[in-house]
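> The sequence isn't on hand, but the structure is:
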C-alpha cells in the first residue's frame, strides 16, 4: 500500500482536462494534409524526377498517411476504452462501498432478511370494502343472541345474570357488525380492525429492527470517516483515477510523438508533389497504382486517373482503399510503413520505461482491490460475531 500512498492525487478537474486534451489531440491539424508552397520550379523538378525517386516519395507519403490513419483510429479506441474502464471502476467501487456501509450499519436488518428471504416485515394491503369481518360478527352475534334468548330463567340468580349478560353482549355484537358492514360499504378504514391490528404489529416489528440498528450505530465506530478508512475508499478511488489519468497521458504522449514523426515524414515527401494532387490520399493512391501498372510518367498517370475517377471514389477511406488494392501496392506501402515505424521507434526508444511505470500503477490498483475484498469479509465476520445479539432481538420482536 506504500506505493498507493505515494501516488499523485488527481482531482475531477484533472479527469476532465485529461479527456479534453485527448480529444484535442484527436482533432489535431497534423492528422490532415499540410499546406505547402508550390511553384514552377517544383513543377519542373517533378517533370524531370526519375521514376524510382518518384516511387519512393509516393510510397513513403502513402505509407505515412496510412500509418497516421491507423494510429488515429487506434488512439480514439484506446482513450474511449480507458474512459469506459475508469467509469466502470469508479461505479464498481461506489457500489461495493455502498454495500459495505449498509452491512456495517444495519446488522439486525441483515440478520432478519437472511432469515426471511431478504425482506423486512411489510404491512399487508387492506381491502377496506371487505364485508367478511362485519358479516361474521353479525351472524355470530345474532346466533348467540338467539341461543341466550331461549335459555330458561329461574335456575339460579347467577345463571340468570349470565344469560342477560350474554344476550346483551351478543346483541351489541350484532349491531356493531351492522356498523362495520356500513363502514365497509363506505370504505372507511376502521371497517377492518383485525387486519389493522396485524399491520400495526408488523410495523412495530419493523421499527424494533430499525431502533436496534440505530442503537448499534451509536455504540460502534460506523461514521462516514470510520467506514471510509476501514474500506480504504479514498486510496482505492485515487488509484483508479491515477491509473486512468496516467493511461491517458501516456497514450497521448506516445501518440503525439508518433504523430509528430509521421507528420515530419509526410512533410519530407509531400513537397515533391503538387498540392492539388495530394489533397485526397485516395486519388494519390490511384495515381501511384497507375504508375506501378506501367504508365511511364507522372503527367500521363494524372491524365489516366482523372479520366476514370468518380466523385464517389474520392470519398473512399484510404485504409480500406489500400486493403483492397493490388498486392503490389499493398506490398510497397507495407514496406514503407515498416521503414517509417523503424525510424519513429528509434526516435522514441524511451517509451518502454514509461510503460513500466504504468504497469506499476496497475499493480497498485490490483492490491487496493484485494484489500477492499478483505475489508468486506472482515465486516461479514463482525456480523457473525453479533449473531447472539441479533437472535435475542429476533426473539423479542416475534
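Noted; the coordinates are in hand. Worth saying up front: this structure is predicted, and the values here are computed from it rather than measured. Numbers count the residues shown, from 1 in each chain.
> pretty sure residue 42 contacts residue 272?
Yes. With contacts defined as C-beta atoms under 8 Å, residue 42 counts as touching residue 272 at a distance of 7.5 Å. Every residue, glycine included, has its C-beta placed from N, CA and C.
> tell me, what residue is most central in this protein?
The centroid of the chain falls nearest to residue 88 when counting by C-alpha atoms, centre = their mean (3.9 Å).
> helix, strand or coil for that residue?
Of the three states, residue 88 takes helix under DSSP: H, G, I helix; E, B strand; the rest coil.
> ok, now residue 63?
Under three-state DSSP, the three-state class of residue 63 is helix.
> mind showing which ranges of the stretch 151-300 of the chain have poor pLDDT?
The stretch 151-300 of the chain contains residues with pLDDT under 70 at 152-160.
> what about the helices in it?
157-186, 193-219, 224-231, 233-270, 275-278, 281-292, 298-308 (DSSP state H, counting those that start in this stretch).
> Please point out which parts of the fourth one sit buried.
Using 16 or more other C-beta atoms under 10 Å as the burial criterion, the residues of helix 233-270 that qualify are 233, 235-252, 254-255, 258-259, 261-263, 265-266, 269-270.
> ok, and the closest non-adjacent residue to residue 187?
residue 128 (4.7 Å; C-beta to C-beta, 6 or more residues apart in numbering).
> The one you found: what's it in contact with?
By C-beta atoms under 8 Å, 6 or more residues apart in numbering, the contact set of residue 128 is 183-184, 187-189, 191-192.
> hang on, isn't residue 335 packed against residue 60?
No. With contacts counted by C-beta under 8 Å, residue 335 stays clear of residue 60, the gap being 9.9 Å.
> Neighbour count: these two, which is higher?
A count of neighbours by other C-beta atoms under 10 Å puts residue 60 above the other of residue 335 and residue 60, at 22 against 13.
> That one against residue 269, yeah?
Yes. Between residue 60 and residue 269 there is a contact at 4.8 Å, judged by C-beta under 8 Å.
> Helix or strand: which one has the residue nearest to residue 187?
Taking DSSP states H and E as the definition, one finds residue 128 inside no helix or strand.
> Check what pLDDT it gets.
Predicted confidence (pLDDT) for residue 128: 71.
> How about the one 3 residues further on?
The model reports residue 131 with a pLDDT of 76.
> got the contact list for it?
Contact partners of residue 131, counting by C-beta under 8 Å, 6+ apart, are 181, 184-185.
> Scan those and report the most crowded one.
Result: residue 184 is most packed of the contacts of residue 131 (other C-beta under 10 Å), 21 neighbours.
> Quick check, that residue in contact with residue 193.
No. Residue 184 is beyond contact range of residue 193, at 11.2 Å (criterion: C-beta under 8 Å).
> Identify the contacts common to those two.
Taking C-beta under 8 Å, 6+ apart as the criterion, residue 184 and residue 193 both touch residue 133.
> What is the helix or strand containing residue 346 packed up against?
Using DSSP H and E, residue 346 sits in helix 327-347. If you count contacts as 3 or more C-beta pairs under 8 Å, 6 or more residues apart in numbering; DSSP states H and E, helix 327-347 packs onto helix 51-105, helix 233-270, helix 281-292, helix 318-323.
> now it against helix 51-105, angle please.
Angle, helix 327-347 to helix 51-105, by axes from the mean of the first three to the mean of the last three C-alpha atoms, to 10 degrees: 60 degrees.
> Next up, the contacts around residue 56.
Counting by C-beta under 8 Å, 6+ apart, residue 56 touches residue 269.
> Which pLDDT does the model give it?
pLDDT, read off for residue 56, is 91.
> for residue 10, same thing?
pLDDT, residue 10: 86.
> cool, residue 74 as well?
At residue 74, the pLDDT recorded in the model is 96.
> Tell me how many other residues crowd it.
Around residue 74 there are 12 other residues, counting by other C-beta under 10 Å.
> same question, residue 337
Using other C-beta under 10 Å, residue 337 has 20 neighbouring residues.
> Not counting its neighbours along the chain, what's nearest it?
Distance criterion C-beta to C-beta, 6+ apart; nearest residue to residue 337, sequence neighbours excluded, is residue 63 at 4.5 Å.
> Could you tell me how many residues sit around that neighbour?
25.
> Who are the contact partners of it?
333-337, 339-340.
> How many neighbouring residues does residue 72 have?
18.
> wait, doesn't it sit right on residue 31?
Yes. Taking contacts as C-beta under 8 Å, residue 72 lies within contact range of residue 31: 5.6 Å.
> which SS class is residue 33?
Following three-state DSSP, residue 33 is assigned to coil.
> Which residues are in contact with it?
Going by C-beta under 8 Å, 6+ apart, residue 33 touches 266, 270, 278-279, 281.
> Identify the farthest-apart pair in those.
Taking C-beta to C-beta, the two most distant members of the contacts of residue 33 are 266 and 279; they sit 13.2 Å apart.
> Mark which of the contacts of residue 63 are buried, thanks.
Buried positions within the contacts of residue 63, assessed by neighbour count (16+ other C-beta under 10 Å), are 333, 336-337, 340.
> Let's have those in TSV, adding distance to residue 35 and pLDDT.
Converted to TSV, those look like this (distance: C-beta to C-beta, whole Å; pLDDT from 0 to 100):
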residue	distance to residue 35	pLDDT
333	24	73
336	23	71
337	24	72
340	22	75
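> which of those residues lies closest to residue 295?
residue 333 (18.0 Å).
> Show me this protein divided up by domain.
Domain segmentation of the chain under automatic domain parsing yields 2-33+49-117+226-388, 132-222.
> what's the closest of those domains to residue 123?
Of all these, domain 132-222 comes closest under C-beta to C-beta, at 4.2 Å.
> circling back: closest one of the contacts of residue 33 to residue 298?
Nearest member of the contacts of residue 33 to residue 298, counting by C-beta to C-beta, is residue 278, at 12.3 Å.
> No more questions from me, cheers.
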